[in-house]
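Colleague: When you get a sec, could you give me coordinates for this:
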Amino acid sequence: MTAVTTSESTAGRSAALAASLLMILASLSIVTARLCDAPVLRSANDRSRWCTVWALVERGTYQIDEIRQKKGWDSIDIVRHDEHFYSSKPPLLPRLVAEVYRGLKAVTGWTLTEQTELVTRTILFLINILPMGIALWMFARLLARECVHPAGQLLIMSIACFGMMLLPYLTVFNNHTIAASCFFIALALAIRCQTPEFQKGWRFAWCGLLAAFGVCNELPAALLGLGFFFLLLKASPRQTLIWFVPAALIPLGGFFLTNYAATGGWKPFYSQYGTETYEFVHEGIPSYWSDPKGIDKPRDSTAAYLFHCTIGHHGILSLSPILLLTLWGWLTPGAYRDPRLRWFQGLGVLLTVVTLGFFLTRTENYNYSGVSVALRWMLWITPFWLLAMVPVVNRWGDRLWFRLLTIPFLMVSIFSAWSPANGPWAQNWIYRWMEQAKWIDYSDPRPVFAKTHYSWIGALPTGELNPDYWIRFQSSGPSGTSEQLELKDAGPAPAGVRRVTVIRSVGDQESSRVTYRIQGDLFQSGKAVEEFLVGRDDDVELSESDRTLFRGMPRRVQYVLSRIRYEKTGLRTDAFRVHVCYTNITGTLGQDRPIRISRDVWLTEELPFGTLKWEEQVLDKNTGELLSRRFWLPVAAGAFFPRPDVAAF
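Modeller: Okay, the predicted model is just below:
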């Protein structure tokens, strides 16, 4: 083992520092290129914050009721408070970014809604990429002082610039990269303040300001702020109390003031997770967090969650195996040039253990930070993980075997960091690989009907004649003429038969009116049309066209439930809960053209006859060419029914 020395040449350190600068510029140039190509407003996470920025500048409010109505701007990361919608994110960061947007708008005339790509990309460059460049340069200077071997310094900088999972998040509006940039700089300043000759007031002030602002963006990092306070208090009580503390109070004050302005209280909306603020119903549509889907729904045990957070599909070590050097460094604490750095290493260990432990206790939030390439709520600890590598490279950084050993781990880490080409809001390569191998499955089971359905009609009236039990649908025929189809309760008949009148109209003229007799118990038990459709009141024999009317298809075929959605129509303000089902058959058009006929039906318990609308399509079976398409939409109904807790279909 090579002894730690302080005799590295000035020329060697300068060259390593210059190389570090080139790596920083190269990394951020690549990120900038990706930013210019990345889809905008792609994630609900981004949109939630951008909605607040728009509302603050354009309407002077934190309420996002208006902007969320614009196509492509709505988000699941919203809450409902005092009859208005707000972003669920802490408001301090959007408040500051709103002022950046205000200035950009004043200079260029660009707006978020008209020049969305230009505005969002410019702002993200200013708040994400530039600060990260400054942060990495400050960290490079720290490494130049603390690393014995230039090769070790370059290894850590190559990890910081190319191999950390922070990098994908630089192209989106998020709190994690901003907090990490603050902590990179604050860490370098706090370490510098440990030396008496560098204990300048401005260093303490900037350290306090950045550390506190980082904490405001990563609430679990509150322990970091306390750690910095005590370490600086130990180094210089006077400077800490005069400079660090007042500077730290500025962002902390901003955090609470903006929370009060947005929420009417001092606590962020995060603290109300699981309450009606998150789990609400608005205009018939329940919030996403009332019943989260996919990976957002907690499924794993604590043991499984810990496994996947460390070495599984969102594992800190599996995605970035180069962080094994961090674990190695935690076991090699004595190889710092400045022994006082061991306190910061200990703080890094404590932050990692406490933060991971905290999220392990949040069993209702076992979602691996959602659809995201990494365990993003741990990424703010990155500066401490990199600092912990210093003892390792100081002892073995000049050894060839050590450099060769790190190459495969660094390669995997770089691949993980750069493989998400379109941003961080996707599943990482380990997750996709494990999913394809069927080792994990976070998908929601496909809903199924409680009974079989052979008709597009979802329900029948019961009891005595109900004059309000009717619904009218409208569509445009092939010639563009308006056509209507009305279903109307005609009352009960003996032996459990229900009579239903079907009225057809073309334009304003009624073209046909037939009352059918349906065997109610056979319909309710899911029998086919051929069994439950028993006759007509006019005693005309049932024809194949009558059966086709009720089937919706030329021959008997079952409808399959695909998903449950909430659909708004012109019938009322509130949305209807619908069960979207479909069926299709193949046939021929003319003599030899194979076709596929499909029908999608939106069933609902809240309307007469249980059907909201349907769509008919005819496609060329071989080419997929759409030959015809027709929608039947509701235009009037006699009554609305309360939504049952349990679906009746």
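Colleague: Please make it C-alpha for all contacts and neighbour counts, starting now.
Modeller: Fine.
Colleague: Quickly note the distance from Asp537 to Arg547.
Modeller: Relative to Arg547, Asp537 is positioned 15 Å away (criterion: C-alpha to C-alpha, to the nearest Å).
Colleague: between the two, which one's more packed in?
Modeller: Arg547 (19 against 13; other C-alpha atoms under 10 Å).
Colleague: what's around the closest residue to that one other than its chain neighbours, how many residues?
Modeller: Once flanking residues are discounted, Arg547 sits nearest to Val529: 6.4 Å by C-alpha to C-alpha, 6 or more residues apart in numbering. Val529 is surrounded by 24 other residues when neighbours are defined as other C-alpha under 10 Å.
Colleague: give me every residue that touches Val529.
Modeller: By C-alpha atoms under 8 Å, 6 or more residues apart in numbering, the contact list for Val529 reads Tyr454, Ser455, Phe523, Arg547, Phe550, Arg551, Arg556.
Colleague: Among those residues, name the ones in strands.
Modeller: For the contacts of Val529, not one is inside strands, with DSSP state E as the criterion.
Colleague: Need the max-distance pair from those.
Modeller: Phe523 and Arg556 (14.4 Å; C-alpha to C-alpha).
Colleague: quick one: which of the two has more around it?
Modeller: Just comparing Phe523 and Arg556: by other C-alpha under 10 Å the higher neighbour count belongs to Phe523, 23 against 16.
Colleague: any idea how far Ile471 is from that one?
Modeller: Using C-alpha to C-alpha, Phe523 is found at 19 Å from Ile471.
Colleague: Okay, domains of this structure per the record?
Modeller: When the chain is parsed into structural domains using automatic domain parsing, the resulting residue ranges are 13-436, 470-637.
Colleague: Can you add distance to Ala647 and give the ones you listed back as a markdown table?
Modeller: Formatted as a markdown table, these follow (distance: least, C-alpha to C-alpha, whole Å):
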| stretch | distance to Ala647 |
| --- | --- |
| domain 13-436 | 15 |
| domain 470-637 | 8 |
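Colleague: highest average neighbour count across the ones you listed?
Modeller: Mean neighbour counts were taken over these using mean count of other C-alpha atoms under 10 Å, and the top value, a mean of 19, falls to domain 13-436.
Colleague: tell me the mean pLDDT for that domain?
Modeller: Rounded to a whole number, the mean pLDDT of domain 13-436 is 94.
Colleague: Between the two ends of it, what distance do you get?
Modeller: Terminal residues of domain 13-436 lie 47 Å apart, using C-alpha to C-alpha.
Colleague: and what of stretch 165-183?
Modeller: 16 Å.
Colleague: how far does stretch 35-53 sit from the chain's center?
Modeller: Centroid separation between stretch 35-53 and its chain, computed with C-alpha atoms, centre = their mean, to the nearest Å, is 11 Å.
Colleague: ends of it, how far apart?
Modeller: Separation of the first and last residues of stretch 35-53 by C-alpha to C-alpha is 19 Å.
Colleague: in the stretch 451-600 of the chain, which spans are strands?
Modeller: Remark: strands of the stretch 451-600 of the chain, listed N- to C-terminal, are 470-476, 482-493, 497-506, 509-519, 533-536, 560-567, 576-589, 593-603; assignment by DSSP state E, counting those that start in this stretch.
Colleague: Among the domains of the chain, single out whichever gets nearest to Val448.
Modeller: Comparison of the domains of the chain against Val448 by C-alpha to C-alpha identifies domain 470-637 as nearest, at 5.7 Å.
Colleague: What I need now is the strands of the stretch 451-600 of the chain written out in a markdown table, including mean pLDDT and distance to Phe649 for each item.
Modeller: Compiled in a markdown table, these are given as follows (pLDDT from 0 to 100; distance: least, C-alpha to C-alpha, whole Å):
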| stretch | mean pLDDT | distance to Phe649 |
| --- | --- | --- |
| strand 470-476 | 95 | 19 |
| strand 482-493 | 95 | 19 |
| strand 497-506 | 95 | 19 |
| strand 509-519 | 95 | 18 |
| strand 533-536 | 95 | 19 |
| strand 560-567 | 92 | 10 |
| strand 576-589 | 92 | 8 |
| strand 593-603 | 93 | 8 |
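Colleague: Let me have those strands in a markdown table, extended by distance to Pro642.
Modeller: Written out in a markdown table, the entries for the strands of the stretch 451-600 of the chain read as follows (distance: least, C-alpha to C-alpha, whole Å):
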| stretch | distance to Pro642 |
| --- | --- |
| strand 470-476 | 16 |
| strand 482-493 | 19 |
| strand 497-506 | 22 |
| strand 509-519 | 25 |
| strand 533-536 | 28 |
| strand 560-567 | 14 |
| strand 576-589 | 10 |
| strand 593-603 | 14 |
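Colleague: and Thr277, which of the ones you listed is closest to it?
Modeller: strand 560-567 (19.8 Å).
Colleague: Just checking: what are the partner strands of that closest one?
Modeller: Strand 560-567 sits in its sheet next to strand 576-589 (antiparallel), going by DSSP bridges.
Colleague: For the strand it pairs with, list the C-alpha coordinates in PDB.
Modeller: The C-alpha atoms that make up strand 576-589 are tabulated as PDB, following Å, rounded to 0.1, in the frame of the first residue of the first chain:
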ATOM      1  CA  PHE A 576     -69.100   9.400 -16.000                       C
ATOM      2  CA  ARG A 577     -67.200   6.400 -14.800                       C
ATOM      3  CA  VAL A 578     -67.000   4.200 -17.800                       C
ATOM      4  CA  HIS A 579     -66.000   0.600 -18.500                       C
ATOM      5  CA  VAL A 580     -64.400   0.700 -21.900                       C
ATOM      6  CA  CYS A 581     -64.900  -2.600 -23.700                       C
ATOM      7  CA  TYR A 582     -64.400  -3.800 -27.300                       C
ATOM      8  CA  THR A 583     -65.000  -6.600 -29.700                       C
ATOM      9  CA  ASN A 584     -64.100  -7.300 -33.300                       C
ATOM     10  CA  ILE A 585     -64.700  -9.800 -36.100                       C
ATOM     11  CA  THR A 586     -63.200 -10.400 -39.500                       C
ATOM     12  CA  GLY A 587     -65.000 -10.700 -42.800                       C
ATOM     13  CA  THR A 588     -64.800  -9.700 -46.400                       C
ATOM     14  CA  LEU A 589     -65.800  -6.600 -48.200                       C
END
